[in-house]
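Chemist: Sequence and predicted structure below; questions after.
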Amino acid sequence: MVPRSDSHPVPGPEADQTPSRRGTMRRVLAVLGVVLVLIALWELYKVVGKAAGGVIPFTDIRLRPPPDDRSMPHVWDIVAAMFEPSRRGAAPLWTVLGSSALFTLREAFVGFVIGATVGFALAVLFVRSGLAERAFLPYVVASQTVPILAIAPMVVVWGGRIGFPQWLAVATIAAYLTFYPVTINTLRGLRSPAATATELMRSYAATDRQRLWKLQVPSALPYIFTALKISAAASVVGAIVGELPTGANAGLGRALLSYSQQFTAAPEKLYATVIFCGLAGALFVGLVTLVERRVVGPGGMPPIQTDRQSLLMMADAPGTTGVAA
């Protein structure tokens, strides 16, 4: 006779993945819902505006932008233009914009890496030295008050004089927009560990480097990735703006300049370029989000423990100068 067991079966990994898949599906549906609402509002504005004669109902105030097809083409006309040749005998517009987006993303990625590295290094410096923070942090903040449109031409001119390739000058502009949020958020994250955990690490004679990499950086990961997602979008904006004064032969900035000159005859091309600019930024942010989920975890908290036993194991790691009795 087989004894009866009241124990419940342990759920397998498939059960753990089900809530995550449902959450992902809900987010995808939410994004699609927002897109459909925006399309409906766009078309509703055109219908109501044309019915009202291009003025705000019950007033004589003209609608801006006017609801005509030259200023606001239909959404389906924009989509159809993507599958038409960008010019006579050329490839379809979506392939041209796709290659331009990849070119811009490469520049944005280089600037993103440079800016994130500089921002992280500055945050570590400020945590280690209060004097450095008081001396340099005001200048870090002041750097973001200068319009990027004023800095971009100067970076391009200076880069040309010292022999920088155009793409590196554009990456420098992207890095300029990237480093600030990484610096500020990382600085806050490095100071986020509880005072008891910091004091316990010191009592175990952990070095400054061990406290940084085993306590402060893991605690700062949610702050760092929040800044990286902001910086990913900002780096794409910086790359596009940086391409405008360089006269580059590729990139979304070049496409914006070209199709803005054709806006009167073919406004669909400019709107399609704007859509690809948004998709490029969303793709970059999505990639950073995927890395965040692998490193930080779905709950948004880093895999760190600050209890006495785990910190003791950290302090006993190779390279520790000593352990308190």
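Modeler: Sure, I can see it.
Chemist: show me what contacts Asp77?
Modeler: Contact analysis of Asp77 by CB atoms under 8 Å, 6 or more residues apart in numbering lists Asp69, Glu268. Every C-beta, even on glycine, is put in place using the N, C-alpha and C of the backbone.
Chemist: Going forward, the N-terminal residue is numbered 449.
Modeler: Got it, first residue is 449 now, which makes that one Asp525.
Chemist: Are we agreed that it is in a strand?
Modeler: No - applying DSSP: H, G, I helix; E, B strand; the rest coil, one finds Asp525 to be helix, outside a strand.
Chemist: How much space separates it from Asp516?
Modeler: Relative to Asp516, Asp525 is positioned 12 Å away (CB to CB, to the nearest Å).
Chemist: how about low-confidence regions in the stretch 649-773 of the chain?
Modeler: For the stretch 649-773 of the chain, the stretches flagged by pLDDT under 70 are 746-773.
Chemist: Apply 50 and report the result again.
Modeler: Along the stretch 649-773 of the chain, segments meeting pLDDT under 50 span 753-756, 763, 767-773.
Chemist: ok, which stretches of it are helices?
Modeler: In the stretch 649-773 of the chain, helices defined by DSSP state H, counting those that start in this stretch lie at 656-659, 665-694, 700-708, 715-743, 756-763, listed in chain order.
Chemist: Export those helices as CSV, with columns for distance to Arg470 and mean neighbour count.
Modeler: Compiled in CSV, the helices of the stretch 649-773 of the chain are given as follows (distance: least, CB to CB, whole Å; neighbours: other CB atoms under 10 Å):
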stretch, distance to Arg470, mean neighbour count
helix 656-659, 39, 15
helix 665-694, 23, 23
helix 700-708, 35, 21
helix 715-743, 15, 17
helix 756-763, 32, 16
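Chemist: how does the protein divide into domains?
Modeler: Following automatic domain parsing, one finds the domains of the chain at 477-502+509-520, 533-763.
Chemist: got the ones you listed as CSV, with distance to Gly471 columns?
Modeler: Listed next are the domains of the chain as CSV, based on distance: least, CB to CB, whole Å:
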stretch, distance to Gly471
domain 477-502+509-520, 11
domain 533-763, 8
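Chemist: average pLDDT for stretch 577-591?
Modeler: What stretch 577-591 shows for mean pLDDT is 91.
Chemist: now stretch 492-499
Modeler: The average pLDDT within stretch 492-499 is 88.
Chemist: circling back to that earlier point, nearest to Arg469 among the domains of the chain would be which one?
Modeler: Among those, domain 533-763 comes nearest to Arg469, with 11.4 Å by CB to CB.
Chemist: What about Arg474, how many residues nearby?
Modeler: Arg474: 10 surrounding residues under other CB atoms under 10 Å.
Chemist: any idea how far the helix or strand harbouring it is from the chain center?
Modeler: Assigned by DSSP states H and E, Arg474 belongs to helix 461-499. Remark: helix 461-499 is offset 20 Å from the chain centroid, using CA atoms, centre = their mean, to the nearest Å.
Chemist: now that helix against helix 715-743, angle please.
Modeler: Between helix 461-499 and helix 715-743, the angle comes out at 160 degrees (axes from the mean of the first three to the mean of the last three CA atoms, to 10 degrees).
Chemist: in helix 461-499, what's buried?
Modeler: For helix 461-499, the buried set under the neighbour-count rule, 16 or more other CB atoms under 10 Å, comprises Lys494, Gly497.
Chemist: What of stretch 535-546?
Modeler: Leu541, Trp542, Val544, Leu545, Gly546.
Chemist: avg pLDDT for that stretch?
Modeler: The average pLDDT within stretch 535-546 is 87.
Chemist: Quote the end-to-end distance of that stretch.
Modeler: End-to-end distance for stretch 535-546, by CA to CA, to the nearest Å: 15 Å.
Chemist: contact partners of that stretch?
Modeler: For stretch 535-546, using CB under 8 Å, 6+ apart, the contacting residues are Ala529, Met530, Phe531, Glu532, Pro533, Ser534, Leu700, Ala703, Lys717, Ala720, Thr721, Phe724.
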